[in-house]
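In: What shape does this take:
(2 chains)
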Amino acid sequence: MSRIRGLGPAPIVAVAVLLSAGSAHAYPWMIRHGYTNCSSCHVDPSGFGLLNEYGRAQQQILLPTLWGKAPDEVQPTTGILYGAIPLPSWLNVGVSLRGAVLSTTTSGKTDWRDILMIADLRAGITAGPFLASVSVGYLPVGGQLAAVTHQLRDNLVMREHWLGLRVDDQKLYFILGRTNLPFGLRNVEHNAFVRSATRTDTNSAQQYGGQVVWDGPGVRAALMGIAGNFLIQDAAYREHGYSGYVEAAFSHSFTLGLSSLLTNADKGTRSFANPYVFADPFFNASDVWRQAHGLFSRWHVGGPWVLMAEADLLVQSASSVSTDWGGTGFLQADVEPLQGLHFIVTGEGLRQNAVNSASAWFSVSWFFFTYCEARVDTVFTEFGVPGGGHQSSVSVLGQLHFSM
Amino acid sequence: MPRRLSLLAVLAAVPLLSAATQVNGEPSASFRGRGPGGFSLEGKTHQLRVEDDGKVLKVIVPLSGLQTGISLRDRHMRERYLEVENYPDAVLSLPWSAVKLPEDGRAVEATAPGTMALHGKTHDVQVRYRLARSGSTYQVSGTVPLDIRDYGIDIPSYFGVTVQPEIETSTTFAAEHT
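Out: Okay, the predicted model is just below:
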């Protein structure tokens, strides 16, 4: 209970947390290379995080700037530490370290923070039909929903831990454990409204449950029965329900998907992605139902251009609380003029509690060396304020990310 | 000398004779392969030419231009599997006698027997084609399923991802046929 209440800090800190960027690595823009599915490279068939043997090779071939070397001259190694430690093909090991400096300016006041966003070790097995994945990490602040220790600071986090079985030539998967919710774009910007408002980010929104995943030719789909986030100590706040998507690849360059999520909890947590909505009628309300339904798409327009879009209807209701009808949208253009160097422009909108907010992101992400990324995001946000008006916020986030 | 001149004249006339069918615009040829789960890959090229001696139509695709979207994969495809230096072209041969031509303004879809020469081997294939006619211009599309093992091509496998040997090849082009 106290851990849930602890999730509602002062607005400027909340804005800073909201605007801090990507938690991990999941790159839907890999459709640029004709990849419409995720399981080719990731242990999780819906994408994100730990890479399999093929993914580790592609990470070296396709992601970084090659500094004069032709892409077809790359000799990838699937061992870790630049090949110094070989791995058997069934064993997958990874490490992700992401540190950042964030400046957030709101009402003329600038707040500076340095953030350790990720310090995770990951391991997994892909042995014939058997799959397993686990991540263990440390976070000095935040990430309480994934924390297995219960301190205000310095917690051990386990975002994922699950077992799986894959059959039918790796088309059909059964997964049991704590996993990311299958919903929408699995984009790296965990604080984008489409991720934070639907609570489907890869930072700490994982839940326990069982998933059935279909990864077939031209269609991928996943349906998860959500048993709850058992890392929340007070069971009344745990959500139960389902989350899922169906995505069709109409070609190697265009996909369109449908997502749906429905959860119920005995008591509501803070529910709005806009930190300026102070009075949250769903917080501590009884019998809280949360729904999100929407469409998402990935499109390799041609050359270096990829567009990604998502739009979701948001519905929330609870006992003795008026139903809140809202929505969120996300449109992102990713341009990679030189291998490894991405210019990213994102527009997003949010309506919750009859308050509208909008953001524009201008980002540069540079995979300047194998496993190494530097990224700068400048985010202009107009948060709607209940009763009218807006609160402007400008944040600049610089990150260094090592992911292997 | 006159004999040599007449030989030259005959050789010069060959392109005119074979110009009974000529490709217009930008043609495309592709193959589609699948791997485990939802893995798939597509190789494409816009290099394609036809040869027509009035009896057999040959669709010739130079394989060196095939691109799959990943240059290292293209290199492996060219060097390890297709061995393009030794076998530069894929050649689909269709006897005109097996091809149904539509009337002006109409289209026809059918299957015809032909042969595919690839990687130094030739096998009979069934060609599923569609011809749409406007005057002497034909929009042509065709698909040929094949098994690369029949052509002595190793099954591509890379860091745990193995491509299935059954692939589908397809071509699309516009042609003038007189």
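In: The nearest residue to residue A:118 once chain neighbours are set aside: neighbouring residues, count only.
Out: Excluding its sequence neighbours, the residue lying closest to residue A:118 (Cβ to Cβ, 6 or more residues apart in numbering or on different chains) is residue A:98, at 4.1 Å. C-betas here are computed from N, CA, C, even on glycine. Residues lying near residue A:98 (other Cβ atoms under 10 Å in any protein chain shown) number 23.
In: so residue A:98 touches residue A:399, yeah?
Out: Yes. Contact criterion Cβ atoms under 8 Å: residue A:98 and residue A:399 qualify, at 6.1 Å.
In: In contact with residue A:122, which residues?
Out: Counting by Cβ atoms under 8 Å, 6 or more residues apart in numbering or on different chains, residue A:122 makes contact with A:49, A:50, A:92, A:93, A:94, A:95, A:96, A:133, A:134, A:135, A:136, A:160.
In: then the helix or strand where it lies to PDB, C-alphas only?
Out: Element membership for residue A:122, per DSSP states H and E: strand A:109-127. C-alpha atoms of strand A:109-127 as PDB (Å, rounded to 0.1, in the frame of the first residue of the first chain):
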ATOM      1  CA  LYS A 109      12.600  26.500 -12.900                       C
ATOM      2  CA  THR A 110      15.100  24.000 -14.100                       C
ATOM      3  CA  ASP A 111      15.700  20.700 -12.400                       C
ATOM      4  CA  TRP A 112      18.800  18.700 -13.100                       C
ATOM      5  CA  ARG A 113      19.100  15.000 -12.400                       C
ATOM      6  CA  ASP A 114      21.400  12.200 -13.200                       C
ATOM      7  CA  ILE A 115      19.600   8.900 -13.600                       C
ATOM      8  CA  LEU A 116      20.800   5.400 -13.700                       C
ATOM      9  CA  MET A 117      17.900   4.100 -15.800                       C
ATOM     10  CA  ILE A 118      19.000   0.500 -16.300                       C
ATOM     11  CA  ALA A 119      21.700  -1.700 -14.800                       C
ATOM     12  CA  ASP A 120      20.400  -5.100 -15.800                       C
ATOM     13  CA  LEU A 121      22.000  -8.500 -16.300                       C
ATOM     14  CA  ARG A 122      19.900 -10.800 -18.500                       C
ATOM     15  CA  ALA A 123      20.100 -14.400 -19.200                       C
ATOM     16  CA  GLY A 124      18.000 -16.800 -21.200                       C
ATOM     17  CA  ILE A 125      17.700 -20.200 -22.800                       C
ATOM     18  CA  THR A 126      16.600 -21.000 -26.300                       C
ATOM     19  CA  ALA A 127      17.100 -24.800 -26.400                       C
END
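In: Name the residues of it that are buried.
Out: A:115, A:117, A:118, A:119, A:120, A:122, A:123, A:124, A:125, A:126 (16 or more other Cβ atoms under 10 Å in any protein chain shown).
In: Tell me which helix or strand comes right after it.
Out: Next element after strand A:109-127 (DSSP H and E): strand A:130-139.
In: just checking, next helix/strand downstream of that following strand?
Out: strand A:155-157.
In: and that next one, average pLDDT?
Out: On average, the pLDDT along strand A:155-157 is 96.
In: which residues touch it?
Out: Counting by Cβ under 8 Å, 6+ apart, A:120, A:136, A:137, A:138, A:139, A:143, A:144, A:146, A:147, A:148, A:149, A:204 sit against strand A:155-157.
In: do that again at 6 Å, thanks
Out: Contacts to strand A:155-157, defined as Cβ atoms under 6 Å, 6 or more residues apart in numbering or on different chains, come from residues A:137, A:139, A:143, A:146, A:147, A:148, A:149.
In: From these, keep the buried residues only.
Out: The buried subset of the contacts of strand A:155-157 - by 16+ other Cβ under 10 Å - is A:137, A:139, A:143, A:146, A:147.
In: Chain A contacts on chain B?
Out: Proximity of chain B to chain A, by Cβ under 6 Å from any Cβ of the partner chain, involves residues B:34, B:36-39, B:42, B:69-72, B:75, B:159-161.
In: helices and strands of chain B: which one bottoms out on pLDDT?
Out: Sorting the helices and strands of chain B by mean pLDDT, DSSP states H and E puts helix B:2-17 at the bottom, at a mean of 46.
In: model confidence over the helix or strand just after that helix, on average?
Out: Where DSSP H and E defines the elements, the next helix or strand beyond helix B:2-17 is strand B:21-34. Averaged over strand B:21-34, pLDDT sits at 92.
In: got the contact list for the helix or strand following strand B:21-34?
Out: Once strand B:21-34 ends, the next helix or strand along the chain (criterion: DSSP H and E) is strand B:40-45. Residues outside strand B:40-45 that contact it (Cβ under 6 Å, 6+ apart) are A:252, B:29, B:30, B:31, B:32, B:33, B:34, B:65, B:66, B:67, B:68.
In: so which of the residues you listed is the most crowded?
Out: residue B:29 (25 neighbours).
In: Distance of that one relative to residue B:173?
Out: 8 Å (Cβ to Cβ, to the nearest Å).
In: what touches both of these two?
Out: residue B:48.
In: Look at residue 73 and report its pLDDT.
Out: No chain specified, so I'll use chain A. Residue A:73 is given a pLDDT of 85.
In: nope, chain B
Out: pLDDT at residue B:73 comes out at 92.
In: Residue A:309 too?
Out: For residue A:309, pLDDT reads 98.
In: So it belongs to a strand, correct?
Out: Yes. Checked against DSSP: H, G, I helix; E, B strand; the rest coil, residue A:309 lies within a strand.
In: I'd assumed residue A:331 was in contact with it.
Out: Yes. Between residue A:309 and residue A:331 there is a contact under Cβ atoms under 6 Å: 4.9 Å.
In: If you count surrounding residues, which of the two has more?
Out: Taking other Cβ under 10 Å, residue A:309 and residue A:331 do not tie; residue A:309 has more neighbours (18 against 15).
In: Surely residue B:78 is within a helix?
Out: Yes. Looking at residue B:78 with three-state DSSP, it is inside a helix.
In: burial count for it?
Out: 18.
In: Does it touch residue B:86 like I think?
Out: No. With contacts counted by Cβ under 6 Å, residue B:78 stays clear of residue B:86, the gap being 10.9 Å.
In: Please report phi then psi for residue A:272.
Out: phi -110, psi 140 (degrees, to the nearest 10).
In: Tell me how many other residues crowd the nearest residue to it once chain neighbours are set aside.
Out: Leaving aside its chain neighbours, residue A:272 sits nearest to residue A:352 (4.8 Å; criterion: Cβ to Cβ, 6+ apart). Neighbour count for residue A:352, taken as other Cβ under 10 Å: 23.
In: From chain B, how far out is residue A:352?
Out: Per Cβ to the nearest Cβ, to the nearest Å, residue A:352 is found 34 Å from chain B.
In: ok, residues contacting stretch A:371-381?
Out: Stretch A:371-381 is contacted from outside by A:19, A:21, A:359-368, A:393-404, using Cβ under 6 Å, 6+ apart.
In: buried set for it?
Out: In stretch A:371-381, counting by 16+ other Cβ under 10 Å, buried: A:371, A:372, A:373, A:375, A:376, A:377, A:379, A:381.
In: Alpha carbons only: can I get that stretch in CSV?
Out: Included here for stretch A:371-381 are C-alpha records, laid out as CSV according to Å, rounded to 0.1, in the frame of the first residue of the first chain:
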residue,chain,number,x,y,z
TYR,A,371,26.9,-2.1,-28.3
CYS,A,372,27.2,1.6,-27.6
GLU,A,373,24.6,4.3,-28.1
ALA,A,374,24.5,8.0,-27.3
ARG,A,375,21.1,9.6,-27.4
VAL,A,376,19.8,13.1,-26.8
ASP,A,377,16.0,13.9,-26.6
THR,A,378,14.6,17.3,-26.5
VAL,A,379,10.9,17.1,-25.4
PHE,A,380,8.4,20.0,-25.5
THR,A,381,5.3,19.2,-23.6
